[in-house]
Every structure is written in C-alpha cells, then in structure tokens.
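A.B. asks: Quick one, what's the 3D model for this:
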Amino acid sequence: MVARAAGRIFALALGLAFLGAVGAAPASGDVVWLDSPAGAERSRVMVQRPDGRVWRGPSVAIAGDPGLVAPAPDGRHVAVASDLEPGPLVVVPRDGGSPFSFAMPPGVEMAREYSTVSWTSDGRTVLVGDALRVDPEADRSDPLPATLRWTALRCTVAARSCVEVRGGGLVAPNGDGVLRASSPQSAFGQWLWSPAWSEERETDWTVADSPDGRELERIVGAQAVSEVELEGAPPCVVRRDERSGGEGLPLHVEAVGGPAGTLVVRQTIRLRRQARRDELRLRDASGPPRLMRVGPDGAVHLGPFPRARVGRVDLRALDGRGARTASRRFHPATAMPDGWLGTVGRTIAGQYGGFQALAVAAMDARGRLRVLRVDGRAATAERLLRHVRGGRATRLHADLSVIGYERATRSAVVALEWAPMARPGQPQRSARRTVLRVPLDGGRPRRANGRAQAAW
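C.D. replies: All right, here's what the predicted structure looks like:
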C-alpha cells in the first residue's frame, strides 16, 4: 500500500488521488484499518478476513483518524503513522511480536502531508518517498521552514532502521526491484511552497532587486535534473532530463508499483516569467499530466492517460447532463499481480483542476484498460450502492475510491462516501461510508468493514 496526504503543491494538486501499491501476496486476503477513538492518544490496528473474523492488533502510540495504514504485501506487517501529528513510522507485526519504530537518519523524518509509504514486493522493506530533512536549528513552529530539504528512505524490517536513497524523490516497488523517480520536492525543494503563490497559480508582483525577486529569478532559471531509474549496481536510468523551470522540467507526482511494474504520473513543470517596471512574477504554465508505464525490465511506455467508455445510463444518478461530455480517463490507485486497479472519471475545472472518479477499472501489464462490471453494467458508485440499499435508486453525491486489491477473493476493495441528494428546501443529508469487495470477474459485490483503509 502506498499512502500520501494532500499538500500545497501549486500546480500539482490536480485532484489526483493518493495511491496504493501492492506487491505479490500469499493466498490470504484481508482489509485493515486503524482504530483511533476520538481524543485518544493510542490506536489499534484492526484486520478483517473475508470470512468476517477480526484480528485486533496491539495498541500503538499513534493519534489521528484515519491515520496512515500500509500493509505489507504478504500481510506479515502493517506500517502505521499519524496524519495529524509529527511522529514515527511504526511497524506492527502480525505474528504477535511487539510494534517498533524505524530509526531514521539524523535530521530526517516523515513529512506527514507529503511523504509516501509503500513496501517492496517481498514485504521486507518499507519505501518512504519525499521524506523531510530539516536543519536542527530551524524554527519548528513553521511547518515548512525555509531550510527544508527532501530525501527518500529504504527502511529494512530486519534492521529496524532506514537509510537514504541517493537522489531522493518518489520510490516504489517495480517487480522484484525498486523504482526511483525525481519529484517536485527533490528537484525544486521549498520553492514550490512559497506563500507568494496565489489561487490563480501565479506569484505576487515582487521587486526584482530584492531577496524574494532574486529567489524567483533562481526558480525560473536554475537547472535541475529529473531522473527515473531502477535500482541496481549501477542503477539503470530509464529517463533523464536536465532543464530549468522556465524551460519546462518533467517531474513525477505519483507512483503505483507492483509485480507488473510501476505506473508513474508525470507532469512537465513550466514557469513563465512576467515583468513590469522593476517588478516580476512567475506564472504556472505546466502541461497536463501523462502516464508512464515502466516494466521490471526497464521498458518504458509514455503517453496520455488511457480512457474507457462509461455509458450515460450508468452515470445518470451521479452526473446528470454532464455525463455526455465527461472525460473517462484512467487514474491508477493500487497494483495487483498482473496489472493495476483504479478508477475512470472526468477532469474537473478549477484553480488546481481535479478528478471525479466515476467507475472502477483495471489495466493489465500491456496497458489494456477495462471497466469492471456489476450486473452486466459498469461498476459505478450508483450501481454498487444498489447492492447496499436493496436496489433502491436515487440521485446521490458519491466519492468513489479503490483502497486495495484482495488476492484471496480476487476483488477490488472499494470505498464509497455517499449521501442521497437533498430535496429542494431540505438540508443536505449526512455522508455515510461503505466499503465493498468488487470481484474482477463481475460477481456480486460483498460488504467489508466500513472503516477499512487498505487491503491485500
């Protein structure tokens, strides 16, 4: 499982959902969540098997609900962390052993709003992308101090410690190995979090001959390197670019890895310099994201996000007239042994763009995409909720996401946040959360625990 919280990346928010990456797993399946009672300072890992039995893990000093939960592909360990407070990355063994925290390199810690967490396919190593390195003398009252730098980590369960990955950025499983890709943080550092960035994706006008003005000049003119490589001795570099922000530097904002390889969301970050009198500002002119598929052998396929058709009839309760023109592009969420699971949906206009997931989809290792079916129709939120609500159809607000792949049942594990649309003049109904196992072969969806956050 890969987990990551949303951050203030000026051009990269894009509404792209966080990812989950799952490697090979044994023939057992579970869903897992972090039980954190309101106001409690400790949490407990809970695991539910397909037959309904629940395993209660030991209590750990993690506060925050839902928190970060990343199970190993073999289910032997679960990594957890708070998404509300700074703290350690804790591993909970499922064989009865005591929970433990990884020893981090000096000055390095999880950046709870930006770091990604995943496991290698053998379940022996945790990969942390975009970890934070902070000067010990920095003002820690500032959540993003000007001295921040970024790195990446390999954390070995046997050693209970982490070492830095050369180059930093995103790290994700790739077959039996590991892929590293330069991220906006590793290339541009704290520049992306300048408070000068506005909702219109441009900076305020700044006096050119000032510290802030010179910093903006450096942002747009500094040369930076972007790489995608597979670990090895030496590493196998499958893509390399060296450009400035003004020229447009391809960088990588998400990575979903597993046995079939890694899907990487790639975007060219391009900044335009505008000047008037003795002032200047930067405007974000970044291109649309693209999808890179990197196989375990280093083969690369780069192109637009693949698309699939979802009929208007399947979307009428969710989308209304907008279904006619909605883009059905695929966005990956988690890996399975022979490909990836995710959603197809449409791009939403707005200050950062966005993505509305409309139906559950699967992509195989060759890049072929199909929408999952339920009762012979596309597996949309409306169709899935018919199984929850006894066949009753209603217009509804729904947020659909894939939180994992359960190998034992060969199912996508799907979370639905939903509420019936209120009638005119009535208050909006409160949201509910439902989690379903959706078989890849078109079988009947089955409920899982509604608090589930991940699966394997």
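A.B. asks: Low-confidence bits of the stretch 301-450 of the chain, can you list those?
C.D. replies: Regions of the stretch 301-450 of the chain meeting the criterion pLDDT under 70 cover residues 312-327, 347-355, 390-397, 421.
A.B. asks: and if you look at the stretch 1-150 of the chain?
C.D. replies: For the stretch 1-150 of the chain, the ranges with pLDDT under 70 are 1-29, 38-39, 63-66, 83-87, 135-148.
A.B. asks: hmm, 90 instead?
C.D. replies: 1-44, 48-53, 57-68, 74, 81-89, 95-97, 107-115, 132-150 (pLDDT under 90).
A.B. asks: now the helices for the stretch 251-400 of the chain?
C.D. replies: All helices of the stretch 251-400 of the chain, identified by DSSP state H, counting those that start in this stretch, fall at 312-319, 381-388.
A.B. asks: which SSE is C155 in?
C.D. replies: According to DSSP states H and E, C155 maps onto strand 149-156.
A.B. asks: Buried ones in that strand, by neighbour count?
C.D. replies: For strand 149-156, burial by neighbour count (16 or more other C-beta atoms under 10 Å) applies to R149, W150, T151, A152, L153, R154, C155. C-beta here means a position set from N, CA and C on the backbone, and glycine is covered the same way.
A.B. asks: Tabulate those (a markdown table), appending distance to L127.
C.D. replies: Listed next are the buried residues of strand 149-156 as a markdown table, based on distance: C-beta to C-beta, whole Å:
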| residue | distance to L127 |
| --- | --- |
| R149 | 19 |
| W150 | 15 |
| T151 | 12 |
| A152 | 8 |
| L153 | 7 |
| R154 | 6 |
| C155 | 8 |
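A.B. asks: which one of these sits closest to P424?
C.D. replies: W150 (49.3 Å; C-beta to C-beta).
A.B. asks: So what sits opposite the closest one in the bridge?
C.D. replies: Counting by DSSP bridges, W150 forms beta bridges with L132.
A.B. asks: next one: the one 4 residues further on
C.D. replies: In this structure, R154 bridges to L127, V163 when assessed by DSSP bridges.
A.B. asks: about what we covered before: other SSEs contacting the strand holding C155?
C.D. replies: Counting contacts by 3 or more C-beta pairs under 8 Å, 6 or more residues apart in numbering; DSSP states H and E, strand 149-156 is packed against strand 125-133, strand 161-164, strand 170-174, helix 184-188.
A.B. asks: Could you say which of those is packed most deeply?
C.D. replies: Comparing the helices and strands packed on strand 149-156 by mean neighbour count (mean count of other C-beta atoms under 10 Å), strand 170-174 ranks first with a mean of 30.
A.B. asks: was I right about G232 contacting D176?
C.D. replies: No: the criterion here is C-beta atoms under 8 Å, and G232 misses it with D176 at 11.5 Å.
A.B. asks: just checking, what packs against the strand or helix carrying V92?
C.D. replies: V92 is part of strand 90-93 when elements are defined by DSSP H and E. Where contact means 3+ C-beta pairs under 8 Å, 6+ apart, strand 90-93 is packed against strand 54-60, strand 77-81, strand 100-101.
A.B. asks: what residues does it touch?
C.D. replies: For strand 90-93, contacts defined as C-beta atoms under 8 Å, 6 or more residues apart in numbering pick out 45, 57-58, 60-62, 76-81, 99-102, 126, 157, 160.
A.B. asks: With stretch 438-447 instead?
C.D. replies: So stretch 438-447 is in contact with 360, 362, 372-374, 376, 379, 384, 387-388, 409-414, 434-437, going by C-beta under 8 Å, 6+ apart.
A.B. asks: Pull out the buried residues from these.
C.D. replies: Applying 16+ other C-beta under 10 Å to the contacts of stretch 438-447 flags 360, 362, 372-374, 379, 384, 387, 409, 411-414, 434-437 as buried.
A.B. asks: Which members of those residues are positioned in strands?
C.D. replies: Counting by DSSP state E, the part of the buried ones among the contacts of stretch 438-447 found in strands is V360, A362, R373, V374, S411, A412, V413, V414, T434, V435, L436, R437.
A.B. asks: and which of those is nearest to D35?
C.D. replies: Using C-beta to C-beta, those come closest to D35 at V435, 14.6 Å.
A.B. asks: Beta-bridge partners for that closest one, please?
C.D. replies: A415, A448.
A.B. asks: The one 4 residues further on now?
C.D. replies: Residues found in beta-bridge contact with P439 (criterion: DSSP bridges) are S411.
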